[in-house]
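Peer 1: dropping the sequence and predicted coords here.
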Amino acid sequence: MLKEFKDFITRGNVIDMAIGIIMGSAFTAIVNSMVEDLLMPILAGITSGVNYEDLVINIAGSQIKIGSFINAVITFLIIAFVLFLIVKSMNKLHKKKEEPIVETEKSCPYCKSKIDIEATRCPNCTSKLENYSNSNE
């Protein structure tokens, strides 16, 4: 049983997942700092310092903290937008350019067999192929 557990733990997917979780938690700290320390003060300056956290509705003696909810929604939208920009820029970095397709064969216009692109005579029907372009009709 101990050997099975060791095999499970050292399997590549488990280690990759653990690294992903650790990196995600470290990245969360960066994104939270960006939102709380950089973007929210800018947003507070734009809205003349309105603090949504203090917005409360009292109904029958209980408090509905609508301001906290608004603040959480704004924070979520900012985090989602920042992550969108990061993922978009990472996708641009990893985008592979498609290599052009180089044709190495052409078809004989007479017998329709495949032959080397540089051939001047068809080896199957011995037809001359001097001015023939590869249109694959």
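Peer 2: Looks like it arrived, so ask away. Model, not experiment: these values are computed from the prediction.
Peer 1: list the buried ones in stretch 92-99?
Peer 2: Residues of stretch 92-99 classed as buried by neighbour count (16 or more other Cβ atoms under 10 Å): none. The way it works is simple: take the backbone N, C-alpha and C, and place the C-beta from them, glycine included.
Peer 1: ok, residues contacting stretch 45-65?
Peer 2: Defining contact as Cβ atoms under 8 Å, 6 or more residues apart in numbering, one finds that stretch 45-65 is touched by 44, 66-68, 70-71, 74.
Peer 1: got the end-to-end distance for it?
Peer 2: End-to-end distance for stretch 45-65, by Cα to Cα, to the nearest Å: 22 Å.
Peer 1: what is the nearest of the contacts of stretch 45-65 to S89?
Peer 2: I74 (23.1 Å; Cβ to Cβ).
Peer 1: about what we covered before: buried subset of the contacts of stretch 45-65 as a PyMOL selection?
Peer 2: Selection of the buried residues among the contacts of stretch 45-65 in PyMOL, burial being defined by 16+ other Cβ under 10 Å:
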select buried, resi 67+71+74
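Peer 1: most widely separated two among the contacts of stretch 45-65?
Peer 2: Among these, A44 and I66 lie farthest apart (Cβ to Cβ), at 17.5 Å.
Peer 1: so where's the protein uncertain?
Peer 2: Scanning the chain with the threshold set as pLDDT under 70 gives 12, 49, 97-98, 127-137.
Peer 1: can you pull out the helices in it?
Peer 2: 2-9, 12-33, 40-46, 66-94 (DSSP state H).
Peer 1: just send the ones you listed back as JSON lines, with distance to V102 too.
Peer 2: Shown next, in JSON lines, are those (distance: least, Cβ to Cβ, whole Å):
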{"stretch": "helix 2-9", "distance to V102": "45"}
{"stretch": "helix 12-33", "distance to V102": "36"}
{"stretch": "helix 40-46", "distance to V102": "52"}
{"stretch": "helix 66-94", "distance to V102": "25"}
